[in-house]
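Undergrad: following is a predicted model, sequence given first.
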Amino acid sequence: MSLDSLVDALFADSDVQRMLALSTHSEPLQICYPKEVNISRFLAWLIDPTQGHGLGDQAIKSMLTRAGLSAEKVNLSLNDRRFLAAANIHTLAFSSIVVITEAELGLPGERRYVDVLAVDPAAKLYVAIENKFGHFESKDQTKTYYKALRKLFPSFRGIHLYLDSNDHEPEDDHWVPVNYTWLTEFITQVEQLTWVAPHVKATMAQFRFAIQEEDDLAEGTAVGTIVTTVASRHGEVLDALHEILTPNAPRSRAKDLAALLNGVSSGNDAKANIRLFQLYSRRPQVWDRCLKERKFAKFYHVLRAQFSHLTADPRRVVTYFSLKEFERLLDPDLGTFWAAAISVRQDGEHFRVTTFLSLSCVKAEYRTQLLNIAKLERARNSIRQPRRDDGNITIRKGTSLPPVKAVEDASAQLQVLRGLLKDI
């Protein structure tokens with residue numbers, strides 16, 4: 001089919017028109033997209049027990065617990081690893097912490113700041129958060145910040161957290177990565193709590209929508225569902241759109257348009273490319289999400305054909321797949337995160353397929369059974385340690401899989417999970 005015909009089909013698709021209509025903005029935070037410094041201020045508000053959210057110290061406990069589940073905590077001292085154990089964190093009180101944003105580190109001749117710093121003078125503890133929302137670490141940044149913080153608080157226990165929306169890891173091993181998945185999941189759980197004030201839920205929801213809008217549209221939302229449908233249906237024309245845009249450079253769109261208008265080519269394809277650019281410009285954020293999801297279109301197509309109750313959650317660098325039937329294992333009071341799922345992550349031209357269980361929202365009576373299943377599966381798949389990434393217990397990994405093999409592996413692993421959990 002010609003590009004002109006593909007673009008016509010895209011314009012004519014009622015799902016595309018519905019997606020554009022649903023992705024209009026009206027909330028202030030969606031219009032004035034939050035920058036990194038504003039995200040840091042939100043984090044400081046969230047982890048400060050004295051603020052008006054009414055959550056007390058739940059947020060900082062949740063964040064430290066997630067850090068304690070990170071595989072990278074092995075780089076910390078034994079005492080710090082024990083401190084980050086969930087059983088310890090949830091017995092502590094953080095009601096006296098002082099939270100500071102953009103805390104100056106006192107480096108000689110330099111004005112350098114850590115994004116968020118929480119200090120508990122009584123417990124002789126500080127928690128430093130370096131927040132990367134779309135930006136990258138500068139050379140030796142985490143190493144320099146660590147040394148400066150240790151000099152400022154030489155007798156305190158220091159916990160150093162690296163929060164990165166791109167899932168990158170810090171250069172310095174003293175910093176424990178905690179990605180934005182934790183933040184969006186914590187906010188979602190708060191929104192489900194019946195005792196949280198409506199105005200607090202509204203604030204949380206607006207902030208979650210803002211930080212998810214560009215890259216983390218969830219399958220459970222109307223826009224997220226339709227983005228997945230459009231990306232799966234129009235892969236070829238989305239490939240053409242990708243070719244006329246400078247990758248990961250929204251500020252280059254004027255130059256991209258000028259290149260189209262001043263190009264030497266003419267005829268139907270040139271006109272089709274300009275029409276395609278015009279459609280993209282109506283809602284660039286939602287089309288950027290479509291461009292990312294087109295890489296996973298074959299997964300959606302095959303898995304939906306095989307599993308009538310498939311659930312999916314596309315994220316910035318990974319897509320999760322699970323089955324509706326697994327929700328029977330969840331305790332609604334703890335949240336609605338998966339009990340079991342697979343994650344599909346693209347690595348260049350290949351994919352990683354990871355199968356995992358998660359106990360964070362599972363009913364108490366099922367946890368022992370799930371742990372026993374995890375232990376047996378890890379042994380069977382030669383995963384020697386119960387490594388947990390972001391609260392998930394990995395039970396099987398498929399790495400460097402070409403696209404066709406990755407789709408087959410994802411399908412097989414969902415069947416395996418169904419078999420493992422059918423008698424629980």
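TA: Arrived safely. Numbers count the residues shown, from 1 in each chain.

Undergrad: tell me the contacts of Trp287?
TA: Leu241, Leu279, Tyr280 (C-beta atoms under 8 Å, 6 or more residues apart in numbering). Placement of C-beta: from N, CA and C, glycine included.

Undergrad: per-residue pLDDT, it?
TA: On pLDDT, Trp287 comes in at 91.

Undergrad: ok, the spatially most central residue of the chain to Ile211 distance?
TA: Centroid-nearest residue in the chain: Thr181, 3.6 Å away (criterion: C-alpha atoms, centre = their mean). Thr181 sits 11 Å away from Ile211, going by C-beta to C-beta, to the nearest Å.

Undergrad: returning to what we had before: find the helix or strand that the residue nearest to the centre of the chain is a member of.
TA: Element membership of Thr181, judged by DSSP states H and E, is helix 180-192.

Undergrad: what is the mean pLDDT for that helix?
TA: Mean predicted confidence for helix 180-192 is 89.

Undergrad: for that helix, packing partners?
TA: helix 58-69, strand 157-164, helix 198-213 (3 or more C-beta pairs under 8 Å, 6 or more residues apart in numbering; DSSP states H and E).

Undergrad: could those be laid out in CSV, adding mean pLDDT and distance to Asp313?
TA: As requested, the helices and strands packed on helix 180-192 are exported to CSV (pLDDT from 0 to 100; distance: least, C-beta to C-beta, whole Å):
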stretch, mean pLDDT, distance to Asp313
helix 58-69, 94, 17
strand 157-164, 95, 19
helix 198-213, 81, 11
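
Undergrad: can you put these in TSV and add distance to Lys271 and mean neighbour count?
TA: Listed next are the helices and strands packed on helix 180-192 as TSV, based on distance: least, C-beta to C-beta, whole Å; neighbours: other C-beta atoms under 10 Å:
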stretch	distance to Lys271	mean neighbour count
helix 58-69	50	22
strand 157-164	41	22
helix 198-213	31	17
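
Undergrad: and the angle from the helix holding Thr181 to strand 157-164?
TA: With axes from the mean of the first three to the mean of the last three C-alpha atoms, to 10 degrees applied, the angle from helix 180-192 to strand 157-164 works out at 90 degrees.

Undergrad: which of the residues in helix 180-192 are buried?
TA: Tyr180, Thr181, Trp182, Leu183, Thr184, Glu185, Phe186, Ile187, Thr188, Gln189, Val190 (16 or more other C-beta atoms under 10 Å).

Undergrad: quick one: low-confidence parts of the protein?
TA: Within the chain, the segments meeting pLDDT under 70 span 25-34, 134, 212-221, 264-266, 315-317, 384-391.

Undergrad: can you give me the domain boundaries for it?
TA: The chain breaks down into these domains under automatic domain parsing: 3-28+218-294, 36-206, 307-421.

Undergrad: let's have the buried residues of helix 180-192 in JSON lines, adding distance to Gly267.
TA: Shown next, in JSON lines, are those (distance: C-beta to C-beta, whole Å):
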{"residue": "Tyr180", "distance to Gly267": "44"}
{"residue": "Thr181", "distance to Gly267": "46"}
{"residue": "Trp182", "distance to Gly267": "50"}
{"residue": "Leu183", "distance to Gly267": "48"}
{"residue": "Thr184", "distance to Gly267": "45"}
{"residue": "Glu185", "distance to Gly267": "49"}
{"residue": "Phe186", "distance to Gly267": "53"}
{"residue": "Ile187", "distance to Gly267": "49"}
{"residue": "Thr188", "distance to Gly267": "49"}
{"residue": "Gln189", "distance to Gly267": "54"}
{"residue": "Val190", "distance to Gly267": "54"}
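
Undergrad: now the helix holding Thr181 - C-alpha only, PDB.
TA: Provided in PDB are the C-alpha atoms of helix 180-192 (Å, rounded to 0.1, in the frame of the first residue of the first chain):
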ATOM      1  CA  TYR A 180       9.700   6.300  38.500                       C
ATOM      2  CA  THR A 181       7.700   3.100  38.600                       C
ATOM      3  CA  TRP A 182       7.800   3.300  42.400                       C
ATOM      4  CA  LEU A 183       6.400   6.900  42.300                       C
ATOM      5  CA  THR A 184       3.500   6.200  40.000                       C
ATOM      6  CA  GLU A 185       2.600   3.000  41.800                       C
ATOM      7  CA  PHE A 186       2.600   4.700  45.200                       C
ATOM      8  CA  ILE A 187       0.400   7.500  44.000                       C
ATOM      9  CA  THR A 188      -2.000   5.000  42.400                       C
ATOM     10  CA  GLN A 189      -2.300   3.200  45.700                       C
ATOM     11  CA  VAL A 190      -2.900   6.400  47.600                       C
ATOM     12  CA  GLU A 191      -5.700   7.300  45.200                       C
ATOM     13  CA  GLN A 192      -7.400   3.900  46.100                       C
END
